[in-house]
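**Student:** the sequence isn't on hand, but the structure is:
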């Protein structure tokens, strides 16, 4: 364990730039949702994405002071194409998952999230919204909502999804010049009323995106 921790926190951050990636460090603007993301070396990105995230986060805090960009999974530090289970595309340093923003029991914005992993607690479509999950599973894509089993436990059960703050975050992301694609579930795109060509449907072959925002460089 000592050897692993030494390699993870001392050696790998020095070697990763050779492969075109760098460690995403916590700051007053950005933080990992869970320590295990860092412990498992899932917090590495290209320098260009690091700069973009810092600019997005700084801009966002001008609107919502003290609310950070809380990231989930990014990429491993080495080798393009090496898979980051269970993701299909987090393998080149250009992708990262960002958590939604929530309100606490007093309707104040908080950096806390509703699950230990950050995944698996969905903002489901209402009866009047299009249900992409139902459509995908009807067509045989059984895995589309399996991230519900990857929460590692639900916490902060009194949190509520903040449409306003999450919309502002989504706008800050899509309006950044270096961001090429954003994945979020269709019913949330429509609910938040954000129209931008960068926002795409990720396809039924992956998993649902109504528990986080996926973004990637051009």
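**Tutor:** Right, received. Where do you want to start? Nothing here was measured: the structure is a model prediction, and the numbers come from that model.
**Student:** hmm, who's touching stretch 167-178?
**Tutor:** 48-49, 51-52, 55-56, 59-60, 63-64, 69, 98, 100-101, 179, 182, 184, 192-194, 196, 198-199, 213, 215, 217-218 (CB atoms under 8 Å, 6 or more residues apart in numbering). Bear in mind the C-beta positions are built from the backbone N, C-alpha and C, glycine included.
**Student:** how does it look with 7 Å?
**Tutor:** 48, 52, 55-56, 59-60, 63-64, 101, 179, 182, 184, 192, 194, 196, 198-199, 213, 215, 217-218 (CB atoms under 7 Å, 6 or more residues apart in numbering).
**Student:** in helices only, show me those residues.
**Tutor:** 48, 52, 55-56, 59-60, 63, 192 (DSSP state H).
**Student:** reformat those residues as TSV; add pLDDT.
**Tutor:** Converted to TSV, these look like this (pLDDT from 0 to 100):
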residue	pLDDT
48	97
52	97
55	97
56	97
59	95
60	97
63	95
192	97
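**Student:** selecting buried members of the contacts of stretch 167-178 in ChimeraX, what would you type?
**Tutor:** Buried subset of the contacts of stretch 167-178, written as a ChimeraX selection, criterion 16 or more other CB atoms under 10 Å:
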select :52,56,59,60,64,101,179,182,184,192,194,198,199,213,215,217
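**Student:** can you give me the strands for this structure?
**Tutor:** 22-23, 30-32, 44-45, 69-71, 95-99, 102-103, 109-110, 160-161, 179-183, 199-200, 212-217 (DSSP state E).
**Student:** tell me the mean pLDDT for the third one?
**Tutor:** Looking back up the chat, that one is strand 44-45. Across strand 44-45, pLDDT averages out at 98.
**Student:** and what of stretch 100-107?
**Tutor:** Rounded mean pLDDT across stretch 100-107 is 97.
**Student:** what's in contact with that stretch?
**Tutor:** By CB under 7 Å, 6+ apart, stretch 100-107 touches 67, 109-110, 112-114, 123, 158-162, 165-166, 169, 212.
**Student:** quick check: the gap between the most centrally placed residue in the chain and residue 127.
**Tutor:** Closest residue to the average C-alpha location of the chain: residue 97 at 1.9 Å, with CA atoms, centre = their mean. For residue 97, the distance to residue 127 equals 28 Å [CB to CB, to the nearest Å].
**Student:** how about residue 70?
**Tutor:** 30 Å.
**Student:** those two: which is more packed in?
**Tutor:** Of the pair residue 70 and residue 127, residue 70 is the one with more neighbours under other CB atoms under 10 Å, namely 23 against 5.
**Student:** the more buried one - nearest residue in space that isn't next to it in sequence?
**Tutor:** Closest residue to residue 70 apart from its sequence neighbours, by CB to CB, 6 or more residues apart in numbering: residue 99 at 4.4 Å.
**Student:** ditto for residue 46
**Tutor:** residue 93 (4.0 Å).
**Student:** near that neighbour, how many other residues are there?
**Tutor:** Residue 93, neighbours per other CB under 10 Å, totals 26.
**Student:** OK, contacts around it?
**Tutor:** Counting by CB under 7 Å, 6+ apart, residue 93 has contacts 20-21, 44-46, 49, 75.
**Student:** pLDDT weak spots in the protein?
**Tutor:** Low-confidence segments of the chain, defined by pLDDT under 70, are absent.
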